[in-house]
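Enquirer: Give me coordinates for this.
(chains A and B, ligands or ions: 1)
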Amino acid sequence: MLSKAQETDAARQALARLLPLAEEAARRLGRRAVLMEVCGTHTMAIARSGIKSLLAGSLDLRSGPGCPVCVTEQRDIDKIIAMAGQPGVVIATFGDMLRVPGTKTSLEVERARGARVEIFYSPMEAVEFAARHPQKEVVFLGVGFETTTPALALSIAAAKSRGLTNYSVFSVHKLVPPVMRALLSDPDLNIDGLLLPGHVCTITGRKAFDFVSAEYRAPAVVAGFEPVDILEAIYALLKQITAGQARTLNGYARLVREEGNRKAKEIMAEIFEPTGAAWRGFGEIAQSGLTIRKSYADYDAAVRFPVEVPEALPPKGCACGEVLKGKITADKCKLFGRVCTPSSPVGPCMVSLEGACAAYYQYERHEV
Amino acid sequence: MANRDKDDLILLAHGDGGLLTHQLLQVYFLRYFNNELLAQMTDAAVFQVEAGQMAISTDSFVVNPIFFPGGDIGKLAVCGTVNDLAVSGAQPLYLTASFIIEEGFSLGSMEKIVASIAQTCREADVRIIAGDTKVVGRGQTDKVFITTTGVGYLLPGVNLGYQRLEPGDKVLVNGCLGNHGLSILLQRESLGLESQVVSDCAPLNGMIKKILSRFPGVKFMRDLTRGGLATNAKEIALSARVDFWLNETALPVEEGVRGITNLLGLDPLYLANEGKFLMVVAAAEADALLKYLQEELSAAESAIIGELRSGEGNVFMKTALGGTRRLDMMAGTPLPRIC
Ligand code: SF4
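Expert: As a prediction, this is how the structure comes out:
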């Protein structure tokens, strides 16, 4: 591992190499090149490290549907909240879900009213919790992409092998490749290159994203998460753009293999199967979600605690959908910063630390 | 065996004012906190004051877990209140301590906590002179909650306040940031991370008194507890109507803390500290103060992290890359109870 100072030096050098290339790309295109990242961790890292402010003059960096909380449909959130109200149920979740507003209320508010909501950093911990509390029904919220799904799959396998009957998962897991196809098929879309999500690719492998360049002619680079990784990946994208190429390159070979992580893919396939899923901002996308296989129905919260909730519309005025497609930046939403702030969020993009609106609010408001 | 177990537990009867309450007082509190003011066992402790201004501060401690690397709820309960007085320019003298204990709590743990309070009081040179104990039914509290109140006298000649802040002043911290918050988090959540992150929990009054007696240019102090450096800097900026400009490269953060926070998507600038202060000092004294902290007070990781400029209450940070990032208050990050 590089020391902080070495890393910073490397990042500064990458930045110096990148800027002239960004200007060249802008000249070729007659406007700033538009690059999109499809991973909430990139969204955070780009804003936090100041990369966004440094490149603003010559590059247009946008966030795509890369934050799992943000792309969760309003109706699924309402279902989760309804499930929290069932007797004996303890909702287990990663922290981000707590404050996401549903149509009428949030888990945070329901918790104050007496619903039991526990925050865990790993699903295995929730399995332990279920073992310690046999009289409770522990429902883990499976909100996430390929990155978190294997851990949820493992937790179900562990609950099964320990004979636990009070642990289940509510799966609204989503897959990144199908939403990228939906994004890239949009005729209004104007994206010159894509930063591919490094964590997701450690599971799926680089090859799983070959279609981005092969079918849609968009340059793409798998990127790591240190500022220097991100800058190198942007550099590799700009090289392709200025040379008129489109390839899917691996800029995170430290961790990402061609085929990905076989074990993780196996356990995922053992427990989950692809299904259609509704995405906030995108609507229904075929084969883009993961549901728990029938053979594991005992661990499927959707089977064990069926809840019905009415059709739900996204919050009025919230432009999360447009933001998630990279069509507008967060500040173009009419509610941004006035009605919608991190302490009273209207849409999920303002709640999650990785949400585009929250990152924009936290780090970029009133550019300096 | 069953009986032995019973002897090891706090019972509701420990709080009913009868024999067990008396035993708890004698065996734990009086023995460990041993001092003549407490030993009088009167309804109120009476003590002499010098002329001048007094300062008083109170805080409740509900940290979970109650034992963590680098400290425990008892140590925290002393440091928290002592540090609040110290950063206000006061020398703490006496504390009161009030315990709300859950029925069934282990007496062994109770003794450890009481011993830790006594030890920390010795380090901070303060005494516990009054206290109270209540026992509540199982589930009505979580193990033990402690409230401490501290009184002290304002150090003569010290003048601290927002009104003294002005553009050009330098901003210092006395060491690495984020340790306490992260160490609690790692205890709480079994993340499977083998970590050496130790809470920085420590009384600061000794250090602060020495600084204030030598550096009249110190204009303001704040202990960087809940919300961390970022939230506290923002609050000060808003109250004093100035802008903070911090340098990312100057911020002291341990390598281990930096690595783990990166991994978890946390920001050390928003994590609580329990032995760190932010100090604003006149530019002319900044370098000497830094040298004094590092060399005389063994706060080797102390650093000048930025300066004040005229503005409207913003906190800006120059990133290592040379970009600018704006820091805001923490907005409800779902972290466990940290103090
Ligand atoms: S600013 Fe708020 S309301 Fe607007 S898109 Fe973002 S989350 Fe939705």
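Enquirer: Quick one: the helices in the stretch 201-350 of chain A, in order.
Expert: With helices called from DSSP state H, counting those that start in this stretch, the stretch 201-350 of chain A shows them at A:210-216, A:227-243, A:262-271, A:301-304, A:320-324.
Enquirer: For these, give me a markdown table that also has distance to the ligand.
Expert: In short, each C-beta sits where N, CA and C put it, glycine included. Supplementary listing: the helices of the stretch 201-350 of chain A in a markdown table, determined by distance: least, Cβ to the nearest ligand atom, whole Å:
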| stretch | distance to the ligand |
| --- | --- |
| helix A:210-216 | 26 |
| helix A:227-243 | 23 |
| helix A:262-271 | 30 |
| helix A:301-304 | 27 |
| helix A:320-324 | 4 |
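Enquirer: List just the one of those that sits closest to B:L37.
Expert: Nearest to B:L37 among the helices of the stretch 201-350 of chain A is helix A:227-243; the distance by Cβ to Cβ comes to 56.5 Å.
Enquirer: Which strands and helices lie in contact with the closest one?
Expert: helix A:4-29, strand A:33-37, helix A:40-48, helix A:51-55, strand A:193-197, strand A:220-223 (3 or more Cβ pairs under 8 Å, 6 or more residues apart in numbering or on different chains; DSSP states H and E).
Enquirer: Tell me the gap between the helix or strand harbouring B:K75 and the middle of its chain.
Expert: Using DSSP states H and E, B:K75 maps to helix B:73-87. When distances are taken as Cα atoms, centre = their mean, to the nearest Å, helix B:73-87 is centred 5 Å away from the chain's centroid.
Enquirer: Just the CA coordinates for it, please, in CSV.
Expert: Listed next in CSV are the C-alpha coordinates belonging to helix B:73-87 (Å, rounded to 0.1, in the frame of the first residue of the first chain):
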residue,chain,number,x,y,z
ILE,B,73,-18.2,4.5,30.4
GLY,B,74,-16.8,5.6,33.8
LYS,B,75,-13.6,7.1,32.4
LEU,B,76,-15.7,8.7,29.7
ALA,B,77,-18.1,10.2,32.3
VAL,B,78,-15.2,11.9,34.1
CYS,B,79,-13.4,13.1,30.9
GLY,B,80,-16.5,14.4,29.2
THR,B,81,-17.4,16.8,32.0
VAL,B,82,-13.9,17.7,32.9
ASN,B,83,-13.1,18.5,29.3
ASP,B,84,-16.2,20.6,28.9
LEU,B,85,-15.1,22.8,31.8
ALA,B,86,-11.5,22.8,30.7
VAL,B,87,-12.2,24.1,27.1
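Enquirer: where does chain B have low pLDDT?
Expert: Across chain B, the stretches falling below the confidence threshold (pLDDT under 70) are B:1-7, B:189-194, B:331-339.
Enquirer: what are the ranges of the helices in it?
Expert: Counting by DSSP state H, chain B has helices at residues B:2-7, B:19-24, B:31-33, B:36-39, B:73-87, B:107-124, B:179-188, B:205-214, B:228-240, B:255-264, B:283-295.
Enquirer: quick one, which of those helices is packed in tightest?
Expert: Among the helices of chain B, the stretch with the highest mean neighbour count (mean count of other Cβ atoms under 10 Å in any protein chain shown) is helix B:73-87, at a mean of 28.
Enquirer: Helix B:179-188 and that helix, what's the angle between them?
Expert: With axes from the mean of the first three to the mean of the last three Cα atoms, to 10 degrees defining the directions, helix B:73-87 sits at 160 degrees from helix B:179-188.
Enquirer: any idea of the angle helix B:73-87 forms with helix B:205-214?
Expert: For the pair helix B:73-87 and helix B:205-214, the angle between their directions (the same axes, to 10 degrees) equals 10 degrees.
Enquirer: for helix B:73-87, packing partners?
Expert: Packed next to helix B:73-87, using 3+ Cβ pairs under 8 Å, 6+ apart, are strand B:54-61, strand B:90-102, helix B:107-124, strand B:144-154, helix B:205-214, strand B:218-223.
Enquirer: Tell me how far the third one lies from the chain's centre.
Expert: In this case it means helix B:107-124. Averaging C-alpha coordinates over helix B:107-124 and over its chain gives two centres that are 16 Å apart (Cα atoms, centre = their mean).
Enquirer: What helices and strands are in contact with it?
Expert: Contacting helix B:107-124 under the criterion 3+ Cβ pairs under 8 Å, 6+ apart are the following elements: helix B:31-33, strand B:71-72, helix B:73-87, strand B:90-102, strand B:127-136, strand B:144-154, helix B:205-214.
Enquirer: I am finished for the moment; much appreciated.
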